[in-house]
Structure formats: structure tokens, C-alpha cells
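A.B. asks: Here's a sequence, model it:
(one chain, ligands or ions: 1)
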Amino acid sequence: MSHSFSVDLGGLIDLLSEHLYSGPEVYVRELMQNGVDAIRARQQQFGEGFSPTLTFDIDGETLTFTDNGVGLTEDDIHKFLATIGRSSKRGNIELIGQFGIGLLAAFLVSDQIELVSRSASGTKPLRWLGHSDGSYTLEPGPDDAHAPVGTRITLHARQGRAEYLLPEKVSQWAGEFGALLPFPITVNGVTVNENGAPWLNTEYGEAARREAVLAYGAQLLGAPPLDFVDIKTGAGQVQGVAFILPWTPTLERRGQHRVYVRHMLLSDQEEELTPRWAFFIRAVLDAGALRPNAARDALRDDADLAAAREEIAGQLRAYLVGLAERDPAKLRQLIELHYLSIKALAAEDDDFLALFMPWLPFETSAGSLTLPEYLALGSQEHPEIRFSSDLNLYRQAAQLALPGQTPIIRAIYTYDSTLLARYAALSDGVRLTQLTPGDLVQEFASLTPQELRETATLRDVAVDTLLPLDADARVSRFDPAEIPALAFARSHRDLARTREKLGGEQGGLWADLLGDLGADSQEAAAEVHFNIAHPLIRQAAQLSDGPLLRRVLGMLYVQALLLGQHPLTARELSLLNNGLAGLIADALAGAGQEQAAPSHLN
Ligand SMILES: Nc1ncnc2c1ncn2[C@@H]1O[C@H](COP(=O)(O)OP(=O)(O)OP(=O)(O)O)[C@@H](O)[C@H]1O
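C.D. replies: Residues are numbered from 1 along each chain as shown. Now for the predicted structure:
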């Protein structure tokens, strides 16, 4: 026995409303979409000798939507309208509908759909009445020889849905969805759309067009855009504009682009049509030949979308390149706001790199500099780019204003070091050096024999005090003299830290294993340099071994760790706490004696 599937329409509508559509208001979009498709189909089949219109008329809780599109024959109604999942539009690239479910959205707000239609093929008007329980009737429509070609759909608000039929709401949605439609949409006689895309309006010349587009951009962004780029692609037939944001957007935020498909709004949050690196733009694009998904809130991810995105990337690139010649002042402004995204792009593209590198600012120990400015400060015979991708090391290096030393570039974004490496490779004779802690130490001036003698005790006590904390102590001289001590972490410091933590808290297998690993290393985890140029260190050098000197050295070490932004271990923290407590106790004891002294005198 063979049977047919039957569909529970109520269940299907629940499915659509809960999982496919963002809210009941999408019924406005689906009605309009069908109207737009019907108008296009009429133009395709019967020519363009009519003025397209879409109208909403709302009377109380009844809404009537009318289009003057191609209409439906009796055969169409049975085959397409009343068969869920079948569409007359499949394969017609110029129409948006294709799934054969859009009209069901009307059931989100109404229990029945009345459709009166007259086909452009000249048949008589028909009246179809569909119910949300899945039944429908079809009868001859109002027998008017002059009935206009097109379709009229009437909905009555179902319980709890009246607010979705309010004229002000319908006006707002219809205006948003149909903003770019090149013909009027009216709600109760008032036109609600802008009648076409501003970037296409060349009626009053190029200057007026630019002005209109910039005014549109200012409204979209809430502030005048820095500029805009006209976009036009072959793949997907995308047309529109990309506004250059007048502020620096956050790096994590992907573009929130407004995308239309065949003039109907798809999304205000589209992310896939523009390249990832272009987070300095907000685009408004109308895709003539890209496909929406079934929910019609995003583009279908296919080869056409990828090809369109590539073309848009090329056009944005070409705009930036062209700006260098056309309007360098604007380029400078743009780079100031968006250099992070331009760097990301330059890291992937050598032509772009060569073009933009001279303009891009880098954070350096001598302030923000472009690479030519930076190189002008260093040796001209042996040009060198010195950088650090370790923020702590960079900070310490930046503090050490060593005279005659090439400034250090802070290269902490992943693409920074790639950019520097590619730039060095492209430029003749420029050496690229990644800074290491050892480099900094090498720059320290060595002590005179007399200073060595004078600091012998200090050094011995420092080594003795700090070795249990896994730190090597040295006495050096470096600038600026205001820094009493500098600490550098060595690479296996983290290992030592983990070992200490596990040893202290759990012991056992892991602690033993890590202990063995650590035992391979002859070096201490950190290296600290006390600065003989600092008055405090010179004073400390005069102390003999004792609790005060040990306490002072321990605290200076922890201070150096903090200065270098190294996280502290529990032992280092307690060293700081105990040291502080001791100093405060000593100070209080001293103050007590001072206060007690006058009474003795009396
Ligand atoms: N206003 C209209 N004018 C002419 N035909 C219409 C109209 N509305 C619906 N139809 C017919 O009804 C069919 C089903 O419409 P429905 O909106 O459910 O699906 P679709 O538009 O084909 O596809 P999608 O689900 O992707 O929107 C359409 O394919 C079309 O043939």
C-alpha cells in the first residue's frame, strides 16, 4: 500500500516561528518579498510597461497588502501557493524566494490568509482562502473586468498579535526592509521608503551624489564618515558603498554591515561579504545575485559569496593605494585611526606592505615612530631594527634610556614581528634583532676595580639571600640612575614556579618529575641587577652583613620583579610582606623612642 505524507501545518508554523524567524514581524518582509518577486516576474514575462507599487492598507485589525506583480493562475495556486515547499521561483536567479515556505509567515499573525489575484496572463481574478489548520478554498474572485493585474492579501490579527499590524510598526518595518526598492511602498497612503539607493542617484551630478552618500553615511554611523568607497562586483553583482569609520573600532568586533539582496534588507549585522581585515569600514551593500539562507537573515555561504568578497577586498585595497597619490592628508588621517587593521593587511600582502610601511606608526622606546623615522635615529652604516615581542622585556628596555642605543620597537601584536621581518627582508642591509634579556645586561657598564671592592659585601649577601629564591644577583651600573634594581625572568622561571607550587601543595609524582626537569638547569630562574648608580644601593653597600641589609636586598628584589610586571610567587610575596612589616616595626620603635625622649629629659 502506498500512502502520502501529510503535514501538520500548525506544527510547521510553530517550527518556523521558533527556529527560523526572528519574530512575527517577518511576515511584513515575506509579503513584500513575494510582491517584489511578482513584480520582477511580470517585468521579465510581460515587459516593464507598468509602474510597480506595493501598498499596505490597515483598518483596525485588518491588513491588506497589494502588489501589481505577475499574479497567479488557478494552476499556480494549486501547484505553488497551496503546496508547501514548492516554489515557482527556483532557478530564476533574479527572484529571491526559492523555498516555498515564506507565505506561511503570515500565519504568525493571522489565522487565515485571503488572497485575491489576477494573473498578468489575462485569466479572471481568483479568491483563495487558506486556514492555519491546513485547509483552503478556491473560488472565482470579484468578477470585475477591470480588476487590476496583481495580488491582494488580507490578514486579520489573531489573538495577541494585533500590535504587529499597527500602522506605525508596519511603516517602520516596511521602510527598513524596502529602503532601497526603486519604487514606492505606501502604508495607508504614505510612502515609507527612500526610493532607491543614494549611491546610484547620478541625476544631479557626481558632487551631489557624493554629498547624498556622505549624508546617508552620517545618518548610518551617527557621525560623518571619514570617506567612502564605491563597491561594485561582477560576482554576486554587489553594489554599494563602504564608509570609512571616523573612529577606531575595537579589534574583536567584526563589521556590522547592512546588506540587501535584490534591494530587500537582509541584515544589519552581516559579516561575510567583506574581508576580515576591513574592520575600519561599515558597508551598505546590495547583492543582485547572491542567495539568502531560508531564515533570510544571512547570505548563503557559497562560491559566489567568496568571489564577491575577494572582489570587494581588491576594491578596498585599490582605494587605499589610490589615496596615497590622490589625497595623502586623508590617508594620514585614515592611518592614524586604523593603522592596526592596515598592519594586519600589510602582514599578508607584500605590495601593500611596501606601500604603507613608510606611513605606519610603531610604538618604540623613543615614542611613536614610523620606520623611516626610526631608522633615521640609528646607525646609518649599519641600519638595525631592534624589537621585543615580550611586553615585560620591552618595558624594562624602554626604562633603560641607554645613550647611543637604537630605540626598541614594541612588537606585541602577532603581525608586528611578521611586518618587521618582511620589511627588513625587503629593504637592503637592514638587520633585524629580537631583544633578549642578555642584550640589556650587556649594555650595562662594568664596575671599576674600586667599585668592585666597595660592593663585594653587598654582592655576597645578595647572592646568599636571593639564591634560595632561585635568583642570581649582580651589581652593575645602568641608566636611569633612578632605578635601584632590575630583574629579568629566564625562560624556565615558569617551570620553577610550577615546581614550587606543586611541591608546596601536593608533592608527589608531578613535583618529582618537574624537580628532575628543573635539575637539568644550572641557571637560576631570574637575574637581578642592583644599580650602583642609585644612592640607596651605594648606601646599602656600606652596611655590613646583617638582618637589615638582607631585608633591604630582598625587598628591592621583589620591587624589581613588580617593576618588570613579573607575577610573584608565594615566597616572594611573603618576603615583601615580612620586609615591610619589619621596616614599619623598626620605624614605629624609632618613633616611640623619639616620643619617650622628652619626658626623660624633663
Ligand atoms: N504576491 C504574489 N504574487 C504572485 N505569486 C505569489 C505571491 N505570493 C506567493 N506567490 C506564489 O506562491 C508561491 C509560494 O510562496 P512562498 O512565499 O511560500 O514561497 P517562495 O516565495 O516561493 O519561497 P520562499 O519560501 O523562499 O519565500 C511562490 O513561489 C509564488 O509562486
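A.B. asks: Pull the number of nearby residues for whichever residue of the stretch 201-350 of the chain sits closest to the ligand.
C.D. replies: Nearest residue of the stretch 201-350 of the chain to the ligand, counting by C-beta to the nearest ligand atom: Ala294, 6.8 Å away. Yep, even glycine has a C-beta here, placed from its N, CA and C like the rest. Neighbours of Ala294 under the rule other C-beta atoms under 10 Å: 13.
A.B. asks: What of the one 10 residues further on?
C.D. replies: When neighbours are counted by other C-beta under 10 Å, Asp304 registers 19.
A.B. asks: And for Val430?
C.D. replies: 17.
A.B. asks: Could you verify my assumption that it touches Leu420?
C.D. replies: No: Val430 is not in contact with Leu420 according to C-beta atoms under 8 Å; the separation is 9.4 Å.
A.B. asks: which residues do the two both contact?
C.D. replies: Contact with both Val430 and Leu420 is made by residues Ile385, according to C-beta atoms under 8 Å, 6 or more residues apart in numbering.
A.B. asks: before we move on, back to that, give me the pLDDT for the residue of the stretch 201-350 of the chain closest to the ligand.
C.D. replies: Ala294 is assigned 82 on the pLDDT scale.
A.B. asks: again with Ala424
C.D. replies: For Ala424, the pLDDT comes out at 89.
A.B. asks: My guess is it contacts Val430. True?
C.D. replies: Yes: in terms of C-beta under 8 Å, Ala424 counts as a neighbour of Val430; the distance is 4.7 Å.
A.B. asks: can you list residues touching both of these two?
C.D. replies: Ile385.
A.B. asks: Let me know how buried Leu12 is, in neighbour terms.
C.D. replies: Neighbours of Leu12 (other C-beta under 10 Å): 17.
A.B. asks: go on, Asp350?
C.D. replies: Neighbours of Asp350 using other C-beta under 10 Å come to 13.
A.B. asks: rewinding a little: for the residue of the stretch 201-350 of the chain closest to the ligand, helix, strand, or coil?
C.D. replies: coil (DSSP: H, G, I helix; E, B strand; the rest coil).
A.B. asks: which of the residues in the helix or strand containing Arg550 are buried?
C.D. replies: In the assignment (DSSP states H and E), Arg550 maps to helix 547-563. Using 16 or more other C-beta atoms under 10 Å as the test for burial, helix 547-563 gives 549-561, 563.
A.B. asks: what does stretch 279-290 give?
C.D. replies: So for stretch 279-290, counting by 16+ other C-beta under 10 Å, buried means 279-287, 289-290.
A.B. asks: Restricted to helices, list these.
C.D. replies: Using DSSP state H, no member of the buried residues of stretch 279-290 falls within helices.
A.B. asks: Looking at those residues, which gets the smallest pLDDT?
C.D. replies: Phe279 (82).
A.B. asks: which stretches of the stretch 251-400 of the chain aren't confidently modelled?
C.D. replies: Low-confidence segments of the stretch 251-400 of the chain, defined by pLDDT under 70: 251-255.
A.B. asks: Backbone dihedrals for Arg332, please?
C.D. replies: Backbone torsions of Arg332, given as degrees, to the nearest 10, read phi -60, psi -40.
A.B. asks: Show me which residues of this structure are close to the ligand?
C.D. replies: 30, 33-35, 38, 67, 69-72, 76, 80-81, 87-89, 97-103, 151 (C-beta under 6 Å from any ligand atom).
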